[in-house]
Structure formats: C-alpha cells, structure tokens
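Enquirer: Model the structure of this input:
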Amino acid sequence: MVEEIRGILSELAETMGQKIPIPPLTGDMIERRRETKSKVFIHSELFLDKHTGWGGMQEKTQIDDLLTRLMLCEELAEMWDVPTSFMMCFDFAIYHEPARFYVVNRGIMPLVHEGKSTPGLLRAAWDGAYCGMWEVEDMMLTLPPPFHPLPPDADITVSTEEAAWFAGAK
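Expert: As a prediction, this is how the structure comes out:
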C-alpha cells in the first residue's frame, strides 16, 4: 500500500512539475493577507513612540500559515482531481512576493518514519479508500502502524460533518 501511494504521488508530482503557479483563490487570500500585514506594520511604526500594541501583532502576523497551506492543497487537489490529502503529502515552498508568486514542489514528505505511518500517509490512505482507489481492508492490513496511535481509552466522538471533511468529501 505504501509503495502504491508513493507511486501515485510520484506520478502526480511529475505531472504537476516542480514550479507551480499559485492558484487564484489562494493567490487572492495571500494578497489580502500581505496587504493586511503591511497595514499592521504601518500602524506599528506610526504608534511606536506611543504604545507597543501593534508591534506584538506585527510579529505574530503570518502570510504562509497552516490555513494558507490547506487552501493551497484544496485548490491544487481540485485542479488535479485528487483528494486534498494527496497534495498535503508534498513539501511545498510558497513564494508569495509579487515578483515571485509561485509554489515549488520540493518532493514527497516522508510517508513512513521509524517504520510507522506518518499522519500524511494515513490521510492519503484513508482518503484513497473512501474514493474507491483501494479497499479499506487491504489498506488496514498493509499499512505500518501509526506513528501517533490513538490512546486505547480515547473517547472518540467525531461529528459526521467533521468526519466527511477529513475523508475529503465535499
């Protein structure tokens, strides 16, 4: 199963190429965030001699964060017709300066670490099973154990809505 997923991801990486234009929705979000970060910087400089309230915000304001990466992966997944989790297996470097506005695919992130399934592998394996790419039973029998297993006494209650999102449903 691991090699099958790695093969699919390798083919996808080859098809996408190494340098990918930032998709439009993600691009719009990045531009808005960059504008907002500039405004925070201006406020920080403007009020520097009066208070530090804006300075603290400036340090914590990020353009490239988990939300940006999730949106990028969702948009790329739509473009290439694969589950979002497949795109989350790649190490993307986001260049968001106006002169360099693209993503570089630095390759597939590790799917197995110390003989155990990484979260990326688990997401891709389950999403592939839910999309009918392979059988759940085959996946469960062949995947290495999870790197971060659920505690045996965990009270796992997940709403149907959350479960559908994690499975890549729309």
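Enquirer: where in this protein is pLDDT low?
Expert: Within the chain, the stretches with pLDDT under 70 are 58, 149-170.
Enquirer: Which parts of it are strands?
Expert: In the chain, the strands defined using DSSP state E lie at 19-21, 90-97, 100-108, 112-113, 116-117.
Enquirer: partners of the second one, with directions?
Expert: The strands beside strand 90-97 in its sheet (DSSP bridges) come out as strand 100-108 (antiparallel).
Enquirer: got a list of contacts for the lengthiest helix in the chain?
Expert: Ordering each helix of the chain by length in residues (DSSP state H) puts helix 24-46 first. Contacts with helix 24-46, where a contact means CB atoms under 8 Å, 6 or more residues apart in numbering, come from 22, 54-55, 57-58, 61, 63-64, 68, 71-72, 75, 94, 96, 101. No exception for glycine: its C-beta is placed from N, CA and C like everyone else's.
Enquirer: circling back: could you provide the strands of the chain in CSV, with additional columns for distance to Leu12 and mean neighbour count?
Expert: Shown next, in CSV, are the strands of the chain (distance: least, CB to CB, whole Å; neighbours: other CB atoms under 10 Å):
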stretch, distance to Leu12, mean neighbour count
strand 19-21, 11, 12
strand 90-97, 8, 15
strand 100-108, 9, 15
strand 112-113, 18, 14
strand 116-117, 19, 18
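Enquirer: Drop anything exposed from the contacts of helix 24-46.
Expert: Taking 16 or more other CB atoms under 10 Å as the criterion, what is buried in the contacts of helix 24-46 is Ile22, Trp54, Gly55, Thr61, Ile63, Thr68, Met71, Leu72, Glu75, Ile94, His96.
Enquirer: Need those in a markdown table (columns: distance to Arg33).
Expert: Shown next, in a markdown table, are the buried ones among the contacts of helix 24-46 (distance: CB to CB, whole Å):
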| residue | distance to Arg33 |
| --- | --- |
| Ile22 | 12 |
| Trp54 | 16 |
| Gly55 | 18 |
| Thr61 | 8 |
| Ile63 | 5 |
| Thr68 | 7 |
| Met71 | 11 |
| Leu72 | 13 |
| Glu75 | 15 |
| Ile94 | 11 |
| His96 | 8 |
